[in-house]
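In: This is a predicted model, with the sequence first.
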Amino acid sequence: MKKISLLLFIVNTVVIATTPPEGFTSLFNGKDFDGWWGLKTENPENWLSMPAGLFKKKWDKSQVDIHKYWRVEDGILVNDGQGLFLSTEKNYQDFELLLEYKTVAGADSGIYLRGVPQVQIWDTTKEGGKWKLGADKGSGGLWNNGKSGSRGRDPLLHADKPFGQWNKFHIIMKGDLVTVRLNEKLVVHRAPLINYWDRKTPLPKRKPIIEKGPIQLQTHGGKISWRNIFIKELKPSCCDDEEFESVFNGKNFNGWMGPTENYQITEDSIQCIKGKGGTIYTKDKYNDFIVDFEFKLPPGGNNGLAIRYPGKGNPAYNGLCELQVLDSEHSRYAKLDPRQYHGSAYGIAAARRGFLMETGKWNQQEVTVVGSHIIVILNGSLILDSDLSKAESFMANKKHPGLKNIEGHFGFAGHNDPVAFRNIKIKRL
């Protein structure tokens, strides 16, 4: 019995006092509030510009407050919903943040990034009484980004665990772009965090968010516990190109398979030869990934992205899906099924229209594939956000066996038109 008890103690200790992952540092030492002070919802620019004497008084007063309302229990930070928000003394620019939290019924909390609200934490049950505010959609959204429907405001899916269980956040902030994973599920994808302090000013006159600021753990009327709080500072950047791998060298078809003889290299791009077609695809296979690329359509041009393609068969059915690449506004396509236009998962889910450049001009597109969830951003606008596994009907009632694919190649499904692709980069998730 003593051996079992000791083992359980060791296991519990390891869970609470986890060594930071490689490249990360701990924000909480498991013992006290070293490295933290207290703030409420207030513009960081105001206290950052304070004279040293006034700032010292503010800091000292905050220490009294956080020691009154915050406590450390068995290596866990605990707050019963009162007092100032626990805030890092150090200010951060671009970063990855890992943390775990556990909350209770009626909870309403959040995480401020650079002192800007916030990654939302809810009681997501109907009994919590906040479904009208969006709590039914789950935690992790950038709730202060505006009304429901604003990019990033509502999480992509509900990922909260039941009360009594620990939830895990993985938050990436680069520039003003925020990506949030809750319990390993993508809930916010590269959405800009708006400047809460200038939110009433319409774009493009709205001020950008502050360059550096603290991480804050909000108190909001309900008990919440925090542990395993780790951060990794990232190289300041407006994008994360360094994390992508180029899959096309602009010179030849090295790394590609399929009927490459039906395609040509022109002006550093892959172009389908007019009158030819077929699916060419990367030698590598991918599970979850982001692909970023540019494409150019001729008038009436038609092609497609093969997603998790098995290397044979029709990518629209034998792959997870074929994402349409199409001159949607051409007269020859006036009467298509909505699930056939550009950006759509062919025959499964319809994309929003109206965001393509004129034919002959380069478009920029980013596609994220996580499980059966597809996100398509075209020229900076979200045009598809769909969990294909939840599709209730299919065009022509045709089956899509590839929807079960968990891995496959990425490629281009040519349909006789000289559509061109360049700057093709993939990031594994």
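Out: Everything's here; your move. These figures come from a predicted structure and were not determined experimentally. Residues are numbered from 1 along each chain as shown.

In: hey, where'd the helices end up in the protein?
Out: Ranges of helices in the chain, per DSSP state H, are 2-16, 44-48, 52-69, 315-318.

In: Just give me the lowest mean pLDDT stretch among those.
Out: Ranked by mean pLDDT, the helices of the chain bottom out at helix 2-16, which scores a mean of 37.

In: Low-confidence regions, the protein specifically.
Out: Within the chain, the set of residues satisfying pLDDT under 70 comprises 1-18, 203-204, 237-242.

In: Domains of it: list them as residue ranges, please.
Out: The record assigns the chain these domain ranges, following automatic domain parsing: 18-233, 244-428.

In: okay, those domains in TSV with mean neighbour count next?
Out: The C-beta positions use only the backbone N, C-alpha and C, and glycine is treated the same way. Below are the domains of the chain laid out as TSV (neighbours: other Cβ atoms under 10 Å):
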stretch	mean neighbour count
domain 18-233	18
domain 244-428	18
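
In: Ramachandran angles for the closest residue to P418 other than its chain neighbours?
Out: Sequence neighbours aside, K274 is the residue nearest to P418 in space, at 4.8 Å (criterion: Cβ to Cβ, 6 or more residues apart in numbering). Here is the backbone geometry of K274 (degrees, to the nearest 10): phi -60, psi 130.

In: list the contacts for K274?
Out: N416, D417, P418 (Cβ atoms under 8 Å, 6 or more residues apart in numbering).

In: Including distance to K147, could those go into CSV?
Out: Converted to CSV, these look like this (distance: Cβ to Cβ, whole Å):
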residue, distance to K147
N416, 44
D417, 40
P418, 42
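
In: From these, pick the one nearest T219.
Out: D417 (58.0 Å; Cβ to Cβ).

In: Could you check how far that closest one is from N303?
Out: D417 is 7 Å from N303, where distance means Cβ to Cβ, to the nearest Å.

In: joint contacts of those two?
Out: C272.

In: Next up, the contacts around K40.
Out: L84, F85.

In: if you set the cut-off to 10 Å instead, what comes out?
Out: Going by Cβ atoms under 10 Å, 6 or more residues apart in numbering, K40 touches S62, D65, G83, L84, F85, S87, Q216, Q218, T219.

In: ok, now K147?
Out: K147 neighbours (Cβ under 10 Å, 6+ apart): G134, R153, D154.

In: Dump these to JSON lines, plus distance to F248.
Out: Converted to JSON lines, these look like this (distance: Cβ to Cβ, whole Å):
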{"residue": "G134", "distance to F248": "41"}
{"residue": "R153", "distance to F248": "35"}
{"residue": "D154", "distance to F248": "35"}
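
In: and the gap between the residue nearest to K399 when sequence neighbours are not counted and G371?
Out: Closest residue in space to K399, ignoring its immediate chain neighbours: Y317 at 7.3 Å, by Cβ to Cβ, 6+ apart. When distance is defined by Cβ to Cβ, Y317 is 19 Å away from G371.

In: Is I280 bridged to anything, and to what?
Out: On the basis of DSSP bridges, I280 is bridged to F412.

In: next one: the one 10 residues further on
Out: In this entry, I290 is beta-bridged to T368, K427, by DSSP bridges.

In: start at 3 instead
Out: Got it, first residue is 3 now, which makes that one I292.

In: mind listing what it touches?
Out: 181, 191-192, 242, 245-246, 368-372, 377, 379, 427-431.

In: How about R424?
Out: R424 makes contact with 250, 252, 267-273, 295-298, 364, according to Cβ under 10 Å, 6+ apart.

In: Recalculate using a threshold of 8 Å.
Out: F250, G252, E269, D270, S271, I272, F295, E296, F297, W364.

In: nearest to L144, of those residues?
Out: Taking the contacts of R424 together and measuring to L144 by Cβ to Cβ, the closest member is F295, at 26.5 Å.

In: Next one: the spatially closest residue to that closest one that is not a sequence neighbour from F357, what distance?
Out: For F295, ignoring the flanking residues on the chain, the nearest one in space by Cβ to Cβ, 6+ apart is I426 at 4.4 Å. Distance of I426 to F357, computed by Cβ to Cβ: 20 Å.

In: Setting aside sequence neighbours, what's the nearest residue to T221?
Out: N81 (5.1 Å).

In: right, I mislabeled it, should have said Q218
Out: Y114 is the one closest to Q218 (Cβ to Cβ, 6+ apart), at 3.6 Å.

In: Report the contact partners of that neighbour.
Out: Y114 touches T43, F87, S89, Q120, G215, P216, I217, Q218, Q220, counting by Cβ under 8 Å, 6+ apart.

In: list the contacts for the nearest residue to the first one once chain neighbours are set aside?
Out: Setting aside the residues directly before and after it, T43 is nearest to P119 in space (Cβ to Cβ, 6+ apart), at 6.2 Å. Residues in contact with P119, defined by Cβ under 8 Å, 6+ apart, are T43, G112, W145, N146, Y198, Q220.

In: Quick check: the gap between S374 and C323.
Out: 9 Å.

In: Give the intersection of the neighbour lists for the two.
Out: Joint contacts of S374 and C323 (Cβ under 8 Å, 6+ apart) are L390, L405.
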